[in-house]
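A.B. asks: Provided below for reference: sequence and predicted model.
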Amino acid sequence: MARDPELQQNEVELAVLEQDFGVKDVDLHRTKSTVAARKRILFLACACILGNELCERLAYYGVQTNMGLYLKNILGYQADTASQLLQVWKATVYLTPLIGAYLADAVMGRFWVILVFSIVYMLGMLGITLVNLIPALKPLAGITPPVGMSATRDIFWAFMYLTALGSGGIKPCVSSFGGDQFKEDSPRERKWRSRFFNFFYAVINIGSLVATTVVVGVQESKGYGIGFGIPTIFFGVAIAAFIFGYKLYVRLPVEGSPFTRIWRVCAGAVAKRKMAAPASPTDLYEPPPDAKKNVQFKMPHTHHMQCLDKAAINTGDIYQVSLTEVEETKAFLGIVPLFMCICIYQMAYDPIFTLLPYPGNVMDRRMGSTEIPASSISFANTFGVLFTVAIYDFIVVPITQKMNRPISMTLRIGLGFVIQIMALVSAALIEMARYKLVQSKGLVAKFNAGGATADAMNPAYTEPMSIWWQFIPYFLTGMSEVFTNIGTMELFYTQVSPGMRSLGTSVYLLTVAVGTYMASALNMLVTVASPNDLWVANNPLFGHYDWYFWLNAAILTAGLGAYVTIARGYKEKPVTGAEQAKQAE
């Protein structure tokens with residue numbers, strides 16, 4: 001006798017609901033209502049988190065995007081000095097997350113760290129705005145403010161580094177806080193979490209798009225006071241949006257300092273290095289479920305870095321740690337070699353944004369009857385990100401899943417390396433063509449004939465090459481970000497323990513800091529090595545910007561080789577319990 005199709009469908013739905021959400025209620029109607037409520041809470045919580053990130057990124061890129069030209073044209077720095085100062089500040093922005101990560105994981109929790117440091121960030125933004133509004137401080141191109149240019153610069157940089165400190169509490173916590181909203185033991189919610197990271201990065205770039213197309217234009221046409229004021233207001237909106245979702249959020253308890261646990265594992269392994277390892281991992285110390293523990297989660301044993309296993313030998317001394325703490329340390333140390341390679345990617349990523357605006361400023365910037373700011377062409381980067389996120393999330397991922405050959409996180413990161421090399425090569429070729437055009441049109445000779453009063457910004461010296469050629473490297477860089485940056489963000493979040501997720505995110509951000517410091521160091525080395533023929537010349541009619549892009553492409557190619565070698569030997573941490581459930585819906 002055939003079974004009732006509706007009954008069969010109900011049984012299937014109940015099985016899926018139990019697997020994906022842990023719901024075991026026999027009343028299907030009530031169960032569906034529970035799941036619907038869960039979806040609404042997730043949607044609203046993530047909307048508040050993404051709204052906060054959108055406004056914060058608008059604030060950051062509203063300041064950072066045009067900063068190179070602001071330092072050069074308004075504060076009067078030379079091009080090489082301005083680029084180095086900007087690189088050091090950007091690197092500091094991505095270094096301070098180590099502070100926020102420690103406070104979030106060990107002291108305050110992610111929600112309160114985000115809120116407190118957002119207020120610090122807001123004060124920095126307000127200060128930068130006031131420097132460009134108060135008449136006694138306000139710098140103008142070629143005009144020294146009443147208090148003196150040195151005083152204005154000092155006050156300006158004090159507020160800039162206050163924003164860098166504020167950023168340190170936000171950057172490592174927002175994406176991790178969003179990831180915390182999803183249940184680790186639900187296959188469906190883990191898929192949603194992966195999609196959340198894609199949308200999170202898309203939101204970052206929507207904020208960047210508004211900054212590059214609207215805020216930069218206001219800075220050029222209405223002044224920097226109003227131009228910096230707009231992102232300051234939006235950041236206030238970001239704080240309000242974040243507070244609005246307070247009652248919706250999952251706020252995980254702090255697990256203590258991850259740095260302390262790592263140190264105790266390493267110290268224990270050294271102290272017990274001469275002891276014989278137990279025959280079975282089950283003989284290693286793991287507190288019973290009802291015992292007081294340093295961490296509230298559990299991780300299975302793995303067979304790599306077995307020298308650390310001895311730290312969990314049950315001796316009951318001051319060095320005693322659990323097997324889970326050992327595996328937590330293994331998981332963190334396992335991403336360190338990948339971290340070093342990704343720093344090279346971040347170093348080669350920086351010149352696209354730091355250097356391209358300088359030659360762009362003397363190229364043909366016409367768009368119809370108007371002239372666009374040189375920094376605004378970087379909106380192509382946002383288009384590259386949004387285009388690639390859509391294609392990857394809605395086409396590539398479903399196809400690879402149907403083929404049962406999903407793209408691993410390490411492969412995804414490596415593809416970004418390849419695309420970024422293409423971006424650097426395209427930038428180098430564009431600069432080669434630009435220099436060739438400068439020579440063929442006699443612009444160098446015309447400029448030299450103008451004498452000491454000649455100004456490279458004079459329309460007479462404008463290069464007849466369209467700035468829209470720069471769309472290509474910006475767009476390709478956006479594509480590379482979707483693969484490398486999002487892949488790294490997800491890998492460093494998922495491959496560490498639940499008690500180290502803010503630290504894992506801060507390590508991802510630390511790749512940007514270290515990479516940007518490396519970019520600044522490379523810039524200084526090139527400047528010192530060619531004092532009489534600067535590659536990054538103050539006047540883009542001169543110099544060798546093309547050589548600089550070729551150099552970065554060569555370094556990144558070597559970095560790709562190192563990354564492939566390391567990634568082939570990397571193994572993702574095993575899943576446990578419900579995580580081993582069937583992944584497909």
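C.D. replies: Good, I have the coordinates.
A.B. asks: For the host helix or strand of residue 399, what is the distance to the chain centroid?
C.D. replies: In the assignment (DSSP states H and E), residue 399 maps to helix 397-402. Remark: helix 397-402 is offset 26 Å from the chain centroid, using CA atoms, centre = their mean, to the nearest Å.
A.B. asks: Next, the buried residues of that helix.
C.D. replies: Residues of helix 397-402 classed as buried by neighbour count (16 or more other CB atoms under 10 Å): residue 397. The C-beta positions use only the backbone N, C-alpha and C, and glycine is treated the same way.
A.B. asks: Just the CA atoms of that helix, as CSV, please.
C.D. replies: Extracted in CSV, the C-alpha atoms of helix 397-402 (Å, rounded to 0.1, in the frame of the first residue of the first chain):
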residue,chain,number,x,y,z
VAL,A,397,30.0,27.4,-6.0
PRO,A,398,26.8,25.7,-7.1
ILE,A,399,28.5,24.2,-10.2
THR,A,400,31.5,22.9,-8.2
GLN,A,401,29.2,21.4,-5.6
LYS,A,402,27.2,19.6,-8.2
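A.B. asks: what pLDDT, on average, does it get?
C.D. replies: The average pLDDT within helix 397-402 is 86.
A.B. asks: Tell me the helices and strands packed up against it.
C.D. replies: The helices and strands touching helix 397-402, judged by 3 or more CB pairs under 8 Å, 6 or more residues apart in numbering; DSSP states H and E, number zero.
A.B. asks: what's the following helix or strand past that helix packed up against?
C.D. replies: Counting by DSSP H and E, the element after helix 397-402 in chain order, helix or strand, is helix 409-440. If you count contacts as 3+ CB pairs under 8 Å, 6+ apart, helix 409-440 packs onto helix 336-355, strand 463-466, helix 471-494, helix 545-568.
A.B. asks: ok, the closest residue to residue 430 other than its chain neighbours - contacts?
C.D. replies: Nearest non-adjacent residue to residue 430, counting by CB to CB, 6 or more residues apart in numbering: residue 469, 5.0 Å away. Going by CB atoms under 8 Å, 6 or more residues apart in numbering, residue 469 touches 363, 430, 433.
A.B. asks: Before we move on, what's the pLDDT of residue 469?
C.D. replies: pLDDT, residue 469: 92.
A.B. asks: distance of it from residue 427?
C.D. replies: Counting by CB to CB, to the nearest Å, the gap from residue 469 to residue 427 is 10 Å.
A.B. asks: tell me the secondary structure for residue 267?
C.D. replies: helix (DSSP: H, G, I helix; E, B strand; the rest coil).
A.B. asks: Tell me the spatial nearest neighbour of it, not counting adjacent residues.
C.D. replies: Closest residue in space to residue 267, ignoring its immediate chain neighbours: residue 319 at 5.9 Å, by CB to CB, 6+ apart.
A.B. asks: what's in contact with stretch 346-355?
C.D. replies: 65, 68, 83, 86-87, 90, 378, 381, 420-421, 423-424, 427, 473-474, 477, 480-481, 511-512, 514-516, 518-519, 522, 536, 545, 548-549, 552-553, 555-556, 559.
A.B. asks: about what we covered before: make JSON lines out of the contacts of residue 469 and add pLDDT, neighbour count and distance to residue 151.
C.D. replies: Formatted as JSON lines, these follow (pLDDT from 0 to 100; neighbours: other CB atoms under 10 Å; distance: CB to CB, whole Å):
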{"residue": "363", "pLDDT": "83", "neighbour count": "22", "distance to residue 151": "35"}
{"residue": "430", "pLDDT": "92", "neighbour count": "23", "distance to residue 151": "40"}
{"residue": "433", "pLDDT": "90", "neighbour count": "13", "distance to residue 151": "43"}
